[in-house]
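Participant: coordinates only, no sequence provided:
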């Protein structure tokens, strides 16, 4: 009878180990696909950066930001590879002399270090992403810099709370779901910054149409529109991630990543897999987004640098394209009457906030 009970117990433990292996594999495959896309994007940015003969300090900072983001994503991916390697070796290969009942605790102890390393790369990643979003908005707020107080405050608050949220296991006084509060502030940061960016862009388009009657978007305006659209999409991705996080039992789902001794039983396997895939996709997109924004602004430069008022490429004094400036600026045609004066409507356009404002990227 005892032999039968032991066999049943061993079978249950093997099922737990197998389920944990499946969760970890799905997580790794999902993150590997997104990470592969990030590798292509980063090395494209690296190639573009190395080809530039003239680099200013702003371009160097942008490239360093992309590099830091890439390093964090690489650490996270390496952590997941180590996790699945340790699980397979400790549970099924390397400790055959141990009873099956003793293998789950062994695996838990061995995976602590790589999991902590990967987990601490996540808040750094989120903070960088929020910082790039705020920087994108700051480029168009030169005449009303005081408006940046709100997104900067939200950025600071979300950075602090997200960091503390990932320390829930180390700091006992923190309430449950503290990390989700940080994500909520992160969403607020992105919504406010993207809203400011969209508002200034809308003012520019409105004044251009009012002053010229009709206006064909230039290449740089299309780039800025793409930045706005990508910001809106990223906000929606954040909201979806937070909704899915809050819709599951967080206590049950956390053990999928931190222990295999008590895998979730009160939720369906489909929900657990959905959570694993959702988390991997969100972390991957959060890693890609800052580099995508930086690459788009840096490689295409900006409206002020790329185009003159009639939309033709801007030339320097020696006839070559300028490589010394990277500005985020809307260029507005200064219509001049036959008397050499600027008409009131054009003057109003020239004074619009964000239209003449510029900043080094």
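Facilitator: Structure received. Fair warning: this is a prediction, and the values are worked out from it, not measured in the lab.
Participant: how near is residue 53 to residue 59?
Facilitator: Distance of residue 53 to residue 59, computed by Cβ to Cβ, to the nearest Å: 12 Å. Where C-beta positions appear, they are placed from N, C-alpha and C, glycine not excepted.
Participant: which one's more surrounded, the two?
Facilitator: Per other Cβ atoms under 10 Å, whichever of residue 53 and residue 59 has more neighbours is residue 59, with 21 against 6.
Participant: doesn't that one fall inside a helix?
Facilitator: Yes: using DSSP: H, G, I helix; E, B strand; the rest coil, the assignment for residue 59 is a helix.
Participant: my read: it touches residue 52, true?
Facilitator: Yes: here residue 59 lies in contact with residue 52, judged by Cβ atoms under 8 Å, at a distance of 7.0 Å.
Participant: and after the host helix or strand of residue 72, which helix or strand comes next?
Facilitator: Using DSSP states H and E, residue 72 sits within helix 57-88. Using DSSP H and E, the helix or strand that directly follows helix 57-88 along the chain is helix 103-110.
Participant: report the mean per-residue pLDDT for stretch 130-146.
Facilitator: Mean pLDDT, stretch 130-146: 80.
Participant: next, the distance between the ends of that stretch.
Facilitator: 19 Å (Cα to Cα, to the nearest Å).
Participant: what of stretch 46-61?
Facilitator: Using Cα to Cα, the end-to-end distance of stretch 46-61 comes out at 13 Å.
Participant: buried set for that stretch?
Facilitator: Along stretch 46-61, these residues count as buried under the neighbour rule (16 or more other Cβ atoms under 10 Å): 49, 59.
Participant: what of stretch 273-292?
Facilitator: Buried residues in stretch 273-292, defined by neighbour count with 16+ other Cβ under 10 Å: 273, 275-292.
Participant: of those residues, which belong to helices?
Facilitator: Applying DSSP state H to those, the entries found in helices are 273, 275-292.
Participant: all helices of this structure, in order?
Facilitator: 2-51, 57-88, 103-110, 112-138, 149-165, 178-212, 219-247, 250-258, 269-299, 303-306, 344-351.
Participant: out of these, flag the one nearest residue 95.
Facilitator: Of all the helices of the chain, helix 103-110 sits nearest to residue 95, with 6.1 Å by Cβ to Cβ.
Participant: what's the angle between that closest one and helix 2-51?
Facilitator: Angle, helix 103-110 to helix 2-51, by axes from the mean of the first three to the mean of the last three Cα atoms, to 10 degrees: 30 degrees.
Participant: list the helices and strands helix 103-110 packs on?
Facilitator: Counting contacts by 3 or more Cβ pairs under 8 Å, 6 or more residues apart in numbering; DSSP states H and E, helix 103-110 is packed against helix 2-51, helix 57-88.
Participant: could you dump the ones you listed into a markdown table with mean pLDDT added?
Facilitator: Output for these, formatted as a markdown table (pLDDT from 0 to 100):
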| stretch | mean pLDDT |
| --- | --- |
| helix 2-51 | 79 |
| helix 57-88 | 86 |
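Participant: deepest-packed of the ones you listed, please.
Facilitator: Of all the helices and strands packed on helix 103-110, helix 57-88 has the most neighbours on average by mean count of other Cβ atoms under 10 Å, namely a mean of 19.
Participant: do you know how far the closest residue to residue 31 other than its chain neighbours is from residue 143?
Facilitator: Nearest non-adjacent residue to residue 31, counting by Cβ to Cβ, 6 or more residues apart in numbering: residue 280, 4.3 Å away. In this view, residue 280 and residue 143 are 42 Å apart by Cβ to Cβ.
Participant: quick one: low-confidence ranges for the stretch 201-350 of the chain?
Facilitator: 212-215, 217-220, 248-269, 298-350 (pLDDT under 70).
Participant: residue 145: neighbour count?
Facilitator: Residues near residue 145, counting by other Cβ under 10 Å, number 11.
Participant: skip the chain neighbours and tell me the closest residue to it.
Facilitator: Residue 145 sits nearest to residue 138 (Cβ to Cβ, 6+ apart), 7.9 Å away.
Participant: number of residues surrounding that neighbour?
Facilitator: By the criterion of other Cβ under 10 Å, residue 138 has 21 neighbours.
Participant: shouldn't it be in contact with residue 148?
Facilitator: Yes: judged on Cβ under 8 Å, residue 138 makes contact with residue 148 at a distance of 5.5 Å.
Participant: and the gap between residue 34 and residue 244?
Facilitator: When residue 34 is compared with residue 244 (using Cβ to Cβ), they lie 17 Å apart.
Participant: let me redo that: residue 236
Facilitator: The value you get for residue 236 to residue 244, if Cβ to Cβ is used, is 13 Å.
Participant: do residue 216 as well
Facilitator: With distances taken as Cβ to Cβ, residue 216 is found 41 Å from residue 244.
Participant: list phi and psi for residue 111.
Facilitator: As for residue 111, its main-chain torsions (degrees, to the nearest 10) stand at phi -90, psi 0.
Participant: mind pulling up the pLDDT for it?
Facilitator: Residue 111 is assigned 73 on the pLDDT scale.
Participant: before we move on, what about the one 5 residues further on?
Facilitator: On the pLDDT scale, residue 116 is placed at 76.
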